[in-house]
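1. I need the structure of the sequence given here:
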Amino acid sequence: MSRELLSAHSLFTEKQMHQIVSKSLGLRCADGWQVIACDRRPASAGLVGFLGDHARVTLHVKCNGLVKKIRLFVKTMPAANPPKAQLIDRNFYFKREAMALRLAEEMRGADGPNPWTVRAYLCNDRMIVMPDLATQGYRTLPYNETLSLPHALIAAAALARFHAAFANYIAARTARDEIPYNFLQEHGDIMTEPTFCDSPWMRAAAKLSYNLLKTHSNKFEQYPQNLEALLTQRYLEACATLSEHENTLNVILHKDMWINNIMFKYDGNVPTNALLIDFQCLRYGPPAFDLMVFLYLTTEREFREQHEEEIIHHYFTIFSATLEEKTKVGLKDMKYNMEELVQWCERSRMFGMFEALGIFPFVLMEPLAAQQTFDDADTFVRYCEEDRSAPVLAHCRRDPDYLRRQLHVTEEFIERYIMQHSTSSHTVTT
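-> Here you go, the predicted structure:
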């Protein structure tokens with residue numbers, strides 16, 4: 001992997017370097033320190049994340065006669081793909097993550113023995129800078145791996161602490177201002193949904209699902225003749241379910257908990273904590289949506305059938321234990337309890353499945369192949385908004401696991417939401 005020596009000023013302004021060094025080393029700007037070298041290398045071979053360029057940067061800082069290394073993980077706007085940069089700007093992805101990280105600071109998400117996220121050194125609408133968590137013993141699992149039960153329970157606990165911290169934040173803001181706190185009233189301008197709605201991206205997802213089934217499913221002949229239209233309708237219905245709902249708890253949702261966005265720490269081979277990273281796809285709604293997205297992105301059907309109930313119960317146990325007393329009172333008045341959570345999990349299952357169907361083609365592809373396929377400025381719009389079937393089906397022929405993960409969820413979606421709810425005479429207008 002290549003490494004580039006460069007001036008720190010080519011990456012950061014003077015003010016930004018002061019902020020990074022001060023937060024990392026605990027130094028006041030008046031203290032004597034100097035950045036004497038800087039090196040940068042790609043965060044990994046291939047596409048490590050879809051909505052930005054990712055690098056590992058090391059600042060060599062001289063302080064009190066000693067040279068200290070500050071190891072950073074840096075996410076920036078795409079440099080070589082203008083259509084992707086425009087997509088990110090247009091849909092506020094960096095602004096959402098910057099807002100989430102600032103909120104996490106207020107909610108003390110990086111504090112305590114079991115933090116649920118990382119403390120950012122710098123976050124704005126062009127750049128996110130945080131410590132390289134590998135130096136703290138955290139790591140992600142391989143992009144195509146599914147979670148064991150210990151990993152799933154640890155990750156669900158982190159998600160529970162995230163949601164509980166926000167519920168506590170709502171209660172504190174409401175008590176402080178003496179009026180119910182409305183998160184969307186304050187941040188709704190950047191929380192618009194660009195893709196998980198009636199969008200070209202969503203319709204391209206339906207087209208891909210149809211072509212995947214037609215090519216590879218031995219159940220295809222059992223399905224209705226107007227299958228692509230039915231998929232489009234059901235995908236739209238799934239997207240519409242994720243919103244703020246009255247008379248229940250609503251929180252900020254990570255909504256993108258695939259395997260690369262969860263980092264684990266270990267004692268030997270046993271996971272002891274998980275951190276949630278990458279909040280660019282933030283949404284707002286009932287917590288169960290995050291749970292269902294998480295389960296469908298990181299586990300397989302047999303695992304869910306065996307362990308889903310245990311994971312949901314564990315989530316709620318940690319969630320309840322993390323709540324402050326004034327928050328508990330509000331949730332009791334709202335009748336938000338384990339039974340309510342289970343009901344919402346079933347209501348949000350449809351969205352969780354569609355989220356997996358929508359992003360699996362991107363995130364389960366081998367990273368170098370994904371970079372060549374989905375990070376090419378010449379084909380970016382076509383594969384995002386028109387039809388991504390050709391490159392995805394070509395990769396399915398090379399990678400049986402890539403095909404299997406997508407095919408199984410697609411067939412489950414049809415089993416649950418088309419075959420059980422539609423007939424061959426069902427008419428759909430698209």
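
2. contacts, neighbours, all on C-alpha from now
-> Will do.

3. tell me, what residue is most central in the chain?
-> What sits nearest the mean C-alpha location of the chain, by Cα atoms, centre = their mean, is D256, with 2.2 Å.

4. Can you report how many residues lie near the residue lying closest to that residue once chain neighbours are set aside?
-> Once flanking residues are discounted, D256 sits nearest to C281: 6.3 Å by Cα to Cα, 6 or more residues apart in numbering. C281: 19 surrounding residues under other Cα atoms under 10 Å.

5. and C281, helix, strand or coil?
-> At C281 the chain is in coil, as set by DSSP: H, G, I helix; E, B strand; the rest coil.

6. wait, isn't it in contact with I252?
-> No: at 10.4 Å, C281 does not count as touching I252 under the criterion of Cα atoms under 8 Å.

7. circling back: need the contact list for the residue nearest to D256.
-> C281 makes contact with 93, 96-97, 254-256, according to Cα atoms under 8 Å, 6 or more residues apart in numbering.

8. so which of those is the most crowded?
-> If you count neighbours using other Cα under 10 Å, the busiest of these is H254, which has 27 neighbours.

9. From T232, how far off is that residue?
-> To T232, H254 is 24 Å away according to Cα to Cα, to the nearest Å.

10. now swap in K214 and tell me
-> In terms of Cα to Cα, K214 sits 15 Å off from T232.

11. who's more crowded, those two?
-> Using other Cα under 10 Å, the more surrounded residue of K214 and T232 is T232, with 23 against 15.

12. which non-adjacent residue is nearest the more buried one?
-> Distances taken as Cα to Cα, 6+ apart place A206 nearest to T232, at 5.4 Å, with adjacent residues excluded.

13. I figured the one you found hits Y235, correct?
-> Yes: between A206 and Y235 there is a contact under Cα under 8 Å: 7.4 Å.

14. tell me the secondary structure for the closest residue to T140 other than its chain neighbours?
-> Leaving aside its chain neighbours, T140 sits nearest to M263 (4.7 Å; criterion: Cα to Cα, 6+ apart). Assigned with three-state DSSP, M263 falls in the strand class.

15. Surely M263 and Y143 touch.
-> No: counting by Cα under 8 Å, Y143 is not a contact partner of M263; they are 11.9 Å apart.

16. And those two? Which one has more around it.
-> Comparing M263 with Y143 by neighbour count (other Cα under 10 Å), the higher total belongs to M263, at 22 against 17.

17. From C63, how far out is that one?
-> Here the distance between M263 and C63 works out to 31 Å (Cα to Cα).

18. returning to what we had before: can you name the helix or strand that the residue nearest to T232 falls in?
-> helix 200-216 (DSSP states H and E).

19. got the contact list for A172?
-> A172 neighbours (Cα under 8 Å, 6+ apart): none.

20. any idea how far it is from K335?
-> 19 Å.

21. Y417 too?
-> Counting by Cα to Cα, the gap from Y417 to K335 is 29 Å.

22. more crowded one of these two?
-> Neighbour comparison, Y417 and K335: the larger count goes to Y417, with 17 against 14 (by other Cα under 10 Å).

23. ok, the residue nearest to that one when sequence neighbours are not counted - how many residues close by?
-> Nearest non-adjacent residue to Y417, counting by Cα to Cα, 6+ apart: R234, 7.1 Å away. Applying other Cα under 10 Å, we find 20 residues neighbouring R234.

24. now the angle between helix 200-216 and the helix or strand hosting R234, please.
-> Following DSSP H and E, the helix or strand that holds R234 is helix 227-241. Using axes from the mean of the first three to the mean of the last three Cα atoms, to 10 degrees, the direction of helix 227-241 lies 140 degrees away from that of helix 200-216.

25. Below-threshold pLDDT in this protein: ranges please.
-> Counting by pLDDT under 70, the chain shows low-confidence ranges at 1-9, 27-31, 422-430.

26. try 80 this time
-> The chain contains residues with pLDDT under 80 at 1-10, 27-32, 45-49, 421-430.

27. Domain parsing of it, as residue ranges.
-> Listed domain ranges for the chain are 1-76, 136-419 (source: automatic domain parsing).
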